[in-house]
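Engineer: Generate a structure from the sequence data that follows.
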Amino acid sequence: MITPPTFLINLDGSADRLQSATAQLNAAGIAFERVPAFDGRNLNPDQFPDYDAEAAIRYMGRPLRGGEIGCYLSHLSAARKVVESGAPFGMVLEDDLDLLPGFAEGVTLVLQWLAQGTNTWHLVHLAPNRHKIYTTLDTFSVAGQPHDITRGHYFPMTTTALLWTRAGAQAFVANHRHITMPVDNYFRHWQVRENRGLAVWPPLVATTGADSDIDDGAGRRERQGRHPLYGWRKQRRLFTDKAIALRHKLAARHS
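Structural biologist: Coordinates of the predicted model:
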């Protein structure tokens, strides 16, 4: 079994989540380093110097919450850990993970596949909850379940389990200037344009379904502060990303 340096994002005080994640990772034979999550739940977004409120309104059609900014900063910190490790790959997990059968073996097979190629990829989504507009590159089976390694032209949302290449983590850290969107939106926006994101489908990791401790109610989209054209800006964002992803898919089909 091959395991890369692994970093688990966990909020101080979330002992039950840490205990659950630790038990699962120990059972899978995966050592990890805990990365304290940035707690932005009770902070005003304007207190974050990296936050660009005007750009967030332009792109998202709404301001970001402190918890969303905290989640972004937590993943940025974890990506720095991947870079500092010096390893060619690094895995970043959130503490609400639910490892599915064959997880460790599946990660090993993905790493072996990555090592055979030119390694131009940035990151692999190990826990997509939906998967659209992709190109299948390879297939493997673990625990009696076939999985595809795909080029995720329309990179999946959520950030429960990510496998970074060192080059990808370096690019995320080096290109960071301002926070203008939640981190999963950023990864989609970035990878749709770079076309260097992969995904495993069906996923190797699910979530427990519990509300995020870092993001103060991610499922409850507050209407306060929304731009009058919020709906239009959201649809424009989705349409643009899908159009770019489809263009990449067509190019892959003809290459």
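
Engineer: Report the distance from stretch 10-17 to the chain centre.
Structural biologist: 20 Å (Cα atoms, centre = their mean, to the nearest Å).

Engineer: my bad, should have said stretch 77-94
Structural biologist: Mean C-alpha position of stretch 77-94 versus that of the full chain (Cα atoms, centre = their mean) differs by 13 Å.

Engineer: contacts for it?
Structural biologist: 3-9, 21, 25, 32-33, 35, 38, 75, 107, 111, 114-115, 119, 126, 159-166, 169-170, 172-173, 205, 207, 214 (Cβ atoms under 8 Å, 6 or more residues apart in numbering). (C-beta placed from N, C-alpha, C; glycine too.)

Engineer: Could you list which of those belong to helices?
Structural biologist: 21, 25, 75, 107, 111, 114-115, 166, 169-170, 172-173 (DSSP state H).

Engineer: what mean pLDDT does stretch 169-184 have?
Structural biologist: Averaged across stretch 169-184, pLDDT comes to 96.

Engineer: Next, the buried residues of it.
Structural biologist: Neighbour-count burial for stretch 169-184 flags 169-172, 179-184 (criterion: 16 or more other Cβ atoms under 10 Å).

Engineer: try stretch 88-107
Structural biologist: Result for stretch 88-107 [16+ other Cβ under 10 Å]: buried residues 88-100, 102-107.

Engineer: Equivalent analysis for stretch 141-160, please.
Structural biologist: Across stretch 141-160, burial judged by 16+ other Cβ under 10 Å covers 142, 147-156, 158-160.

Engineer: And the contacts of the lengthiest helix in the chain?
Structural biologist: Secondary structure of the chain per DSSP H: the longest helix is helix 230-254. With contact meaning Cβ under 8 Å, 6+ apart, helix 230-254 is reached by 58-62, 132-135, 151, 153-154, 188-189, 192-193, 195, 227.

Engineer: if you set the cut-off to 10 Å instead, what comes out?
Structural biologist: Outside helix 230-254, the residues within contact range by Cβ atoms under 10 Å, 6 or more residues apart in numbering are 57-62, 132-135, 137, 151-155, 181, 185, 188-189, 191-195, 221, 223, 226-227, 229.

Engineer: out of those, which are buried?
Structural biologist: Applying 16+ other Cβ under 10 Å to these flags 57, 59-62, 133-135, 151-155, 181, 185, 188-189, 191-192, 195, 226 as buried.

Engineer: how far out from the middle of the chain is stretch 233-242?
Structural biologist: On the basis of Cα atoms, centre = their mean, stretch 233-242 sits 19 Å off its chain's mean C-alpha point.

Engineer: Name the residues of the longest helix of the chain that are buried.
Structural biologist: If you call a residue buried by 16+ other Cβ under 10 Å, then helix 230-254 has these buried ones: 230, 233, 237, 241, 244-245, 248-249.

Engineer: tell me the average confidence for that helix?
Structural biologist: Averaged across helix 230-254, pLDDT comes to 93.

Engineer: cool, stretch 196-212 as well?
Structural biologist: 89.

Engineer: Buried residues in that stretch, which are they?
Structural biologist: For stretch 196-212, a neighbour-count test (16+ other Cβ under 10 Å) marks 196-201, 203-207, 212 as buried.

Engineer: Skipping its backbone neighbours, what lies nearest the spatially most central residue of the chain in space?
Structural biologist: When Cα atoms, centre = their mean is applied to the chain, the residue found nearest the centroid is residue 159 (3.2 Å). Nearest-residue entry for residue 159: residue 184, 5.1 Å, with adjacent residues in sequence omitted and distances by Cβ to Cβ, 6 or more residues apart in numbering.

Engineer: Good, wrapping up.
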